[in-house]
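>>> Sequence first, then the predicted structure:
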Amino acid sequence: MRRISGAGIDRLFDPGSLLYLGFLAIVMLLSGSLRAAEPLSCSNPVEGHWPYGPGYTVEGWLGGGESLLLVGNGSVLSVINAADPSNLTMLGEVSVSDGVRSIAISADGNLVAVSDWRSKVHLVDISNRAAPQARGSVQTSSYGQPYGLAIAGNRLYVAIRDVGLGVFNIADPDSVVLLGATASSGTNFVFDLKVRGNYAYLADDVEGVSVVDISNPATPTYVGAFAGSTLASRIVIEGARAYVARRGEGFDILDLTVPTSPTRLGTFDTPAIVYGVQTLGANRLLVADGYGGSTVYDISNPGAPAALGGESEPVYGVAAIGDHGFTLPDSSRPSHLRAINFSNPLAPVVRDSINFYNNTAEVRVVGSRVLVAQGDSGMSILDLSNPQEPVRVGGYLAGTDSVTDVEWVNGHAVVGSSGKLDIVDVANPASPQLVSTITVSDLLLDLDRNGNRLFATWGFHGLKIYDLSNPAVPTLLGTFLPADGAIRVATQGNYAFVSDQTYHVRVIDVSNPASPQQVSQLALSSFIEDVSIEGFHLYIATQLQGVRVFDVSVPSAPIEVSNIPFSPAIANSLAARGNRLYAVAGEYGGLRSFDTGLPSSPMFIDEWQTPGEAVWIDMADDTIAIAEGSLGVRTLSCAAPANDALFKNGFE
């Protein structure tokens, strides 16, 4: 659904009365009576964040009679008891400001360092496993982007993308202090590092493995390298050996007996892409081989590693404790941490698993609730009673189907997936009840509602219009079959606006839903990401031409009145309300607001940078919700008197 409009707006575009409505609109504008259709005011919106997302990275720790796993899922750091791999237990969790990229654990198991996806390294005290506490952080943006981490004593070592190595004093976890840094002479794309004695070993991408002398933290110095480990991205050190993940080049085993001159003992080019390696005892290596799954290699003869067997699920992240591997899949699969016994590599046994949430694809604001489409995690229901801390109060799994769309019609959630719409009663969010199902043998692309009618685009099965007056018995009212398929849809009154794959938006009269009729079409020259309608104006987000604005007061003859540039960002999703347009534009475009009071000359108001990738926006009453992909859902809420436009001055 892309329509975000005020009460009574569905009466617009009634055929035969356009002139009357135009006259009425002018009279209402002059009298000030349009104010009731404006959003609520909000001089200081409250930000909320539901921070959960797919598991991305996992690290293990063994000591003091404990076996722990630290997992980054979304922007949440989870502490998991792995002492009994058949009964993984969540001990505690804490949210950091951005997605968790890499994790390092102190030798005593009490302090964790986390690098995020932007420019910060966070310290977390996990001495109380049930209540981890965020401590200090350091911004590395002036140096570069943080990747891999290592903690040794009171020193934190950070692989920094555009620098090489940064050394920080963490004696006081609340006050992280830079001690020194050194720049690589190569591409500077440093992914990972480990510390051994007075040396740090960097997975230095095309430069292989670089060696840095860290005996003087103020002046870390490059002293050696092994250039043969090209595409180095992860590194593990056990004793005098280093195991290097080389992505598409497999893995290397290096001898560190001479610390400044690593030499290659062996190498193996795996079938897929190596994302991580972990040792399983002295003579076995567990390799996370991407779509090739998890494979155990015999490395008793490091010059000739031999595959022993493994497990086929695609794997991205991996940790190991004893003879168990703990794996996270790639982002295309249901997100879960699995404990796998590899003592017999020919017949690995999955002992237990913990589920995480998949990427958020779409959001829908319904009063104080937000419905969230989350792929294989189904639909989540968030409660905004405390707008600073959205809470998941329930959810719905659409069988084995991946949920891509959600809508709200006649008091019921419509949960969309490929080929199917489930109509769900969520009056009790903890126990949603399936009421009915609509099936279509095609890919669902978009949903919109108009009263008790649901509009769904099904690719080359076209636009289908359903009556949900009785949710238990949905009725197909009609179908419109554009030659080039139906992708996005927004509706208002008696008209639907449907985009297709050949960059057209078709204006369709649906006053007789049994026989929808196209009355005009707009030909654009770039892929259409989204459409939103408010009043007499249609907003079209394109991939290469920003947001184009059309006057559709005469549906048979739309007129372009302005264009809102977005380059180099791309507007993914739109929400129009009153004289405001909100657009989300991916990872670095954030949320942008525009004053559209004069549609021929929209004015940029403000930009609010979202930590995650802003992929979808919805807006109702006094709340904006943004789907942030792997970082969950971000919300902006207000409860001020209803006397001006929501966030009228941008995002104060």
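Happy to help now that I have it.
>>> residue contacts, residue 254?
By C-beta atoms under 8 Å, 6 or more residues apart in numbering, the residues touching residue 254 are 209, 226, 229, 241, 242, 243, 244, 262, 263, 264, 265. The way it works is simple: take the backbone N, C-alpha and C, and place the C-beta from them, glycine included.
>>> Would you mind stating the distance between residue 164 and residue 45?
Distance, residue 164 to residue 45, by C-beta to C-beta, to the nearest Å: 40 Å.
>>> sorry, back to before: out of the contacts of residue 254, which end up buried?
Buried members of the contacts of residue 254, counted by 16 or more other C-beta atoms under 10 Å: 209, 226, 229, 241, 242, 243, 244, 262, 264, 265.
>>> Looking at these, which is nearest residue 280?
Of all the buried ones among the contacts of residue 254, residue 243 has the smallest distance to residue 280: 11.3 Å, by C-beta to C-beta.
>>> avg pLDDT for the helix or strand hosting that closest one?
Using DSSP states H and E, residue 243 sits in strand 241-245. Across strand 241-245, the average pLDDT comes to 98.
>>> Name every strand pairing with the helix or strand following that strand and say which way it goes.
Using DSSP H and E, the helix or strand that follows strand 241-245 in sequence is strand 251-255. Its sheet considered, strand 251-255 pairs with strand 241-245 (antiparallel), strand 263-268 (antiparallel) by DSSP bridges.
>>> next one: phi and psi at residue 141?
phi -60, psi -30 (degrees, to the nearest 10).
>>> Excluding covalently adjacent residues, which one is nearest to it?
Using C-beta to C-beta, 6 or more residues apart in numbering and skipping the chain neighbours, the partner closest in space to residue 141 is residue 119 (3.7 Å).
>>> hang on, the one you found packs against residue 138?
No: with contact defined as C-beta atoms under 8 Å, residue 119 does not reach residue 138; the gap is 9.4 Å.
>>> for the strands paired with strand 251-255, which one sits closest to residue 192?
strand 241-245 (8.2 Å).
>>> Pull the residues that contact that closest one.
Under C-beta under 8 Å, 6+ apart, the answer for strand 241-245 is 194, 201, 203, 209, 229, 232-237, 251-256, 262, 265, 274-277, 279, 285, 287-288, 302.
>>> I figured residue 412 hits residue 435, correct?
Yes: Residue 412 lies in contact with residue 435 (C-beta under 8 Å); the separation is 6.4 Å.
>>> if I pick residue 82, what's in contact with it?
Residue 82 neighbours (C-beta under 8 Å, 6+ apart): 60, 67, 68, 69, 88, 321, 324, 326, 339.
>>> re earlier: out of residue 119 and residue 138, name the residue with the larger neighbour count.
residue 138 (21 against 18; other C-beta atoms under 10 Å).
>>> Tell me how far the helix or strand hosting the more buried one lies from the chain's centre.
Following DSSP H and E, one finds residue 138 within strand 133-139. Offset of strand 133-139 from its chain centre (C-alpha atoms, centre = their mean, to the nearest Å): 23 Å.
>>> With stretch 583-591 instead?
The answer for stretch 583-591 is 12 Å, by C-alpha atoms, centre = their mean.
>>> Now it: buried residues?
583, 584, 585, 586, 587, 589, 590, 591.
>>> Would you format those residues as a markdown table with distance to residue 607, pLDDT and secondary structure included?
Shown next, in a markdown table, are the buried residues of stretch 583-591 (distance: C-beta to C-beta, whole Å; pLDDT from 0 to 100; DSSP: H, G, I helix; E, B strand; the rest coil):
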| residue | distance to residue 607 | pLDDT | secondary structure |
| --- | --- | --- | --- |
| 583 | 10 | 96 | strand |
| 584 | 11 | 96 | strand |
| 585 | 9 | 92 | coil |
| 586 | 13 | 82 | helix |
| 587 | 13 | 75 | helix |
| 589 | 8 | 78 | helix |
| 590 | 5 | 88 | coil |
| 591 | 7 | 92 | strand |
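>>> ok, which pair from those residues is furthest apart?
583 and 587 (14.3 Å).
>>> Model confidence at residue 539, what's the number?
On the pLDDT scale, residue 539 gets 98.
>>> how about it, what does it touch?
531, 532, 533, 547, 548, 549, 574, 576, 581.
>>> just residue 252 next, same as before
228, 229, 232, 242, 243, 244, 246, 264, 266, 267.
>>> The closest residue to residue 46 other than its chain neighbours: neighbour count?
Closest residue in space to residue 46, ignoring its immediate chain neighbours: residue 387 at 4.5 Å, by C-beta to C-beta, 6+ apart. When neighbours are defined as other C-beta under 10 Å, residue 387 has 18 of them.
>>> How about residue 47?
Under the criterion other C-beta under 10 Å, the count of neighbours that residue 47 has is 12.
>>> Just to check, it is in contact with residue 635?
Yes: counting by C-beta under 8 Å, residue 635 is a contact partner of residue 47 at 7.1 Å.
>>> helix, strand or coil for residue 588?
helix (DSSP: H, G, I helix; E, B strand; the rest coil).
>>> Let the chain start at 2 from now.
Taking 2 as the first residue, the last one we looked at is residue 589.
>>> picking that back up, if you count what's nearby, which of residue 165 and residue 46 comes out ahead?
Taking neighbours as other C-beta under 10 Å, residue 165 and residue 46 compare with residue 165 leading, 28 against 21.
>>> Got phi/psi on the more buried one?
Torsion angles, degrees, to the nearest 10, at residue 165: phi 140, psi -90.
>>> How much space separates it from residue 148?
For residue 165, the distance to residue 148 - C-beta to C-beta - is 11 Å.
>>> Look up the residues that both of these two are in contact with.
By C-beta under 8 Å, 6+ apart, the residues touching both residue 165 and residue 148 are residue 191.
>>> In contact with residue 573, which residues?
530, 531, 542, 584, 585, 586, 587, 615, 616, 617.
>>> Wait, residue 454 touches residue 469, no?
Yes: when contacts are counted by C-beta under 8 Å, residue 454 is listed as touching residue 469 (7.0 Å).
>>> Tell me which of residue 413 and residue 436 has more neighbours.
residue 413 (23 against 17).
>>> can you pull the pLDDT of the closest residue to residue 280 other than its chain neighbours?
The shortest distance from residue 280 to any non-neighbouring residue, by C-beta to C-beta, 6+ apart, is to residue 239 (5.1 Å). Among the per-residue scores, residue 239 shows a pLDDT of 96.
>>> Residue 331 now?
83.
>>> what about it, how many neighbours?
Residue 331 has 18 nearby residues by other C-beta under 10 Å.
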